[in-house]
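*Asks:* I'd like to go over a predicted model; first the sequence, then the structure.
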Amino acid sequence: MVEFRSYRLDNGLRLIVHEDRSTPLVAMNILYDAGSRDEDPSLTGMAHLVEHLMFCGTGNIPEYDLPLQLAGGENNAFTNNDITNYYLTLPAGNIETAFWLESDRMLAPDFTSGKLDVQKSVVIEEFKQRYLNQPYGDAMLRLRPLAYTTHPYRWPTIGIDPSHIERISLEDVQHFFNRHYNPVKAILTLTGNITPERAYDLALKWFGSVPSGEQHGRSLPSEPVQTEERRMTIERNLPASALYKAWHMGPRSGSDFHTMDLITDLLAGGESGRLYNRLVRDLNLFSEINAYITSDLDPGLVIVTGKLMKGVNIEKAENSVNQVIEELKCTAPPDTEIDKVKNRYESSSVLSNTSILNKALNLSVFELLGDASRINREVENYRAVSKPMIMDAAIRYLNPDNCSTLYYIASKKT
């Protein structure tokens with residue numbers, strides 16, 4: 001049981017505190033309710049670029065990392081389709097340094113043309129190295145707009161194209177920051193060796209005077225229901241042919257989320273998963289295969305990816321994947337198989353929450369979903385998934401009309 005206290009400052013900042021005296025450290029997590037789904041379609045990659053710029057110092061603190069390192073701390077951040085998240089750990093006695101640093105860059109980041117140019121170059125280089133210059137690096141650049149025609153999930157966090165990042169101006173950055181990175185859209189979570197009272201006092205001291213900002217409602221376009229299969233084939237010089245399949249599913253808060261997550265574990269939960277056992281070990285069609293859900297706040301995707309063995313026909317390989325999925329629709333998995341997946345999730349959940357950083361992030365995400373106490377009910381939610389729920393969800397979601405398929409065909413073409 002993860003016990004915590006919740007507060008809300010007058011400026012709208014939400015504060016969550018979990019006290020854990022077993023560690024000499026404190027973790028701080030700041031989640032901003034802003035991600036790539038909030039971007040202008042003509043300026044994608046903005047949220048990720050702002051994440052980079054937030055480490056470039058302020059007028060008061062020219063270098064963010066130095067004071068934190070001197071205080072014995074470590075930090076990092078990530079951006080995805082839905083959120084931007086900053087996190088750090090510090091010795092408990094130096095935790096006020098974290099409040100000072102994070103409140104200062106929330107209040108007044110020092111965005112300049114020079115810093116923007118540097119970070120644009122860094123992000124564009126990252127775009128090229130990770131997405132354009134890797135054999136299958138552009139898979140999500142292809143699969144997302146194949147699966148999504150309308151919703152902003154049709155582009156990945158890095159953006160649609162480096163040209164979008166190139167044309168982002170300083171005014172664009174400032175406008176995006178002012179709209180999304182303020183107390184009313186932030187969740188501040190602390191876990192570790194700190195009392196709720198001290199955390200609240202420090203939050204009030206350092207964040208209480210930060211202007212709240214405006215609460216902008218989202219009016220994102222809903223993705224139309226997919227009613228027919230979509231396909232794309234790319235032929236190029238690759239180490240091996242590859243298969244990518246994506247089906248639409250419900251949102252992170254939806255009633256089917258835990259069922260679909262469990263289904264992907266049944267399909268590809270390590271070497272005991274059905275896809276691996278059948279298609280890698282028995283039939284030798286794939287060298288590797290995986291299945292996962294994107295866990296997006298809005299309706300997301302179930303994705304299956306696999307690298308084919310040399311000489312295997314990709315249509316034959318895809319048909320074999322479909323056969324394994326069809327079995328889930330027709331025959332209920334045995335109790336032993338379901339229990340193994342549920343036990344594995346419970347073990348990973350318990351292990352995850354032994355980390356103060358993981359607890360801080362999990363509490364923040366569940367608070368964003370509407371109730372931080374859900375952190376204590378997730379195992380129960382997975383335990384409640386039944387055989388009929390598995391078969392029903394597989395039938396409703398994992399069907400050809402709801403599927404987008406991407407082929408990478410290995411050839412000598414460049």
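*Replies:* Yep, it's here.
*Asks:* Name the residue closest to the centre of the chain, please.
*Replies:* When the chain is reduced to its mean C-alpha position, the closest residue under Cα atoms, centre = their mean turns out to be residue 80, at 5.0 Å.
*Asks:* tally of neighbours for residue 227?
*Replies:* Counted with other Cβ atoms under 10 Å, the neighbours of residue 227 add up to 7. For the C-beta atoms, the positions are set from N, CA and C on the backbone; glycine is no exception.
*Asks:* how about it, what does it touch?
*Replies:* Contacts of residue 227 were listed using Cβ atoms under 8 Å, 6 or more residues apart in numbering, and they are residue 401.
*Asks:* What segments of this protein are strands?
*Replies:* Remark: strands of the chain, listed N- to C-terminal, are 5-8, 14-19, 25-32, 74-79, 84-91, 186-192, 230-236, 242-248, 286-293, 301-308, 403-410; assignment by DSSP state E.
*Asks:* returning to what we had before: so the residue nearest to the centre of the chain versus residue 258, what's the distance?
*Replies:* According to Cβ to Cβ, to the nearest Å, residue 80 and residue 258 sit 20 Å apart.
*Asks:* re earlier: okay, the strands of the chain, which one's buried deepest?
*Replies:* When the strands of the chain are scored by mean count of other Cβ atoms under 10 Å, the highest mean neighbour count falls to strand 186-192 (a mean of 27).
*Asks:* Low-confidence stretches in the stretch 51-200 of the chain?
*Replies:* The model of the stretch 51-200 of the chain has no residue with pLDDT under 70.
*Asks:* before we move on, the earlier item: can you redo the strands of the chain as TSV with distance to residue 41?
*Replies:* Written out in TSV, the entries for the strands of the chain read as follows (distance: least, Cβ to Cβ, whole Å):
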stretch	distance to residue 41
strand 5-8	33
strand 14-19	30
strand 25-32	21
strand 74-79	17
strand 84-91	19
strand 186-192	25
strand 230-236	20
strand 242-248	20
strand 286-293	25
strand 301-308	19
strand 403-410	19
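*Asks:* you'd agree the residue nearest to the centre of the chain is up against residue 36?
*Replies:* Yes: judged on Cβ atoms under 8 Å, residue 80 makes contact with residue 36 at a distance of 7.2 Å.
*Asks:* list residues touching both of these two?
*Replies:* Between them, residue 80 and residue 36 share the contacting residues residue 157, judged by Cβ under 8 Å, 6+ apart.
*Asks:* Excluding chain neighbours, give the residue nearest to residue 136 in space.
*Replies:* The spatially closest residue to residue 136, leaving aside those adjacent along the chain, is residue 242, at 5.7 Å (Cβ to Cβ, 6 or more residues apart in numbering).
*Asks:* what pLDDT does the one you found get?
*Replies:* According to the prediction, residue 242 has pLDDT 98.
*Asks:* hang on, it packs against residue 312?
*Replies:* No: assessed by Cβ under 8 Å, residue 242 is found out of contact with residue 312, at 11.1 Å.
*Asks:* So what's the residue count around residue 372?
*Replies:* Neighbour number of residue 372 under other Cβ under 10 Å is 22.
*Asks:* Please list all residues in contact with it.
*Replies:* Remark: with contacts taken as Cβ under 8 Å, 6+ apart, residue 372 is in contact with 4, 6, 16, 363-364, 366.
*Asks:* try 6 Å
*Replies:* When contacts are counted by Cβ atoms under 6 Å, 6 or more residues apart in numbering, residue 372 touches 16, 363, 366.
*Asks:* how close does the last one sit to residue 179?
*Replies:* In this structure, residue 366 and residue 179 are separated by 24 Å, where distance is defined by Cβ to Cβ.
*Asks:* Measure how buried residue 383 is and give me the count.
*Replies:* Here the neighbour count serves as a burial measure; for residue 383 (other Cβ under 10 Å) it reads 14.
*Asks:* ditto for residue 216
*Replies:* If you count neighbours by other Cβ under 10 Å, residue 216 ends up with 13.
*Asks:* phi, psi of it?
*Replies:* For residue 216, the backbone dihedrals (degrees, to the nearest 10) come out as phi -90, psi 130.
*Asks:* Please report how far it lies from residue 12.
*Replies:* Residue 216 sits 12 Å away from residue 12 when distances are taken as Cβ to Cβ.
*Asks:* quick one on the thing from earlier: and which of the contacts of residue 372 is nearest to residue 288?
*Replies:* Using Cβ to Cβ, the shortest approach to residue 288 within the contacts of residue 372 belongs to residue 366, at 32.2 Å.
*Asks:* Leaving out chain neighbours, which residue sits closest to the closest one?
*Replies:* residue 374 (4.3 Å).
*Asks:* and the gap between the one you found and residue 406?
*Replies:* Per Cβ to Cβ, residue 374 is found 34 Å from residue 406.
*Asks:* Kindly report the same for residue 237.
*Replies:* As for residue 237, its distance to residue 406 is 17 Å (criterion: Cβ to Cβ).
*Asks:* neighbours around the residue nearest to residue 96 when sequence neighbours are not counted, how many?
*Replies:* Among residues not flanking residue 96 along the chain, residue 202 sits closest, at 5.9 Å (Cβ to Cβ, 6+ apart). Burial measure for residue 202: 20 neighbouring residues, criterion other Cβ under 10 Å.
*Asks:* The one 3 residues further on too?
*Replies:* Neighbours of residue 205 under the rule other Cβ under 10 Å: 13.
*Asks:* Model confidence at it, what's the number?
*Replies:* Note on residue 205: pLDDT of 98.
*Asks:* just residue 392 next, same as before
*Replies:* At residue 392, the pLDDT value in this model is 97.
*Asks:* Not counting sequence-adjacent ones, nearest residue to residue 194?
*Replies:* The shortest distance from residue 194 to any residue that is not its chain neighbour, by Cβ to Cβ, 6+ apart, is 4.9 Å, and that residue is residue 26.
*Asks:* meant to ask about residue 10
*Replies:* Distances taken as Cβ to Cβ, 6+ apart place residue 208 nearest to residue 10, at 7.1 Å, with adjacent residues excluded.
*Asks:* Verify the stated contact: the residue nearest to residue 96 with residue 99.
*Replies:* Yes: contact status for residue 202 versus residue 99: in contact at 4.8 Å, counting by Cβ atoms under 6 Å.
*Asks:* and residue 355, what are its phi and psi?
*Replies:* The phi/psi pair for residue 355 (degrees, to the nearest 10) reads phi -90, psi 130.
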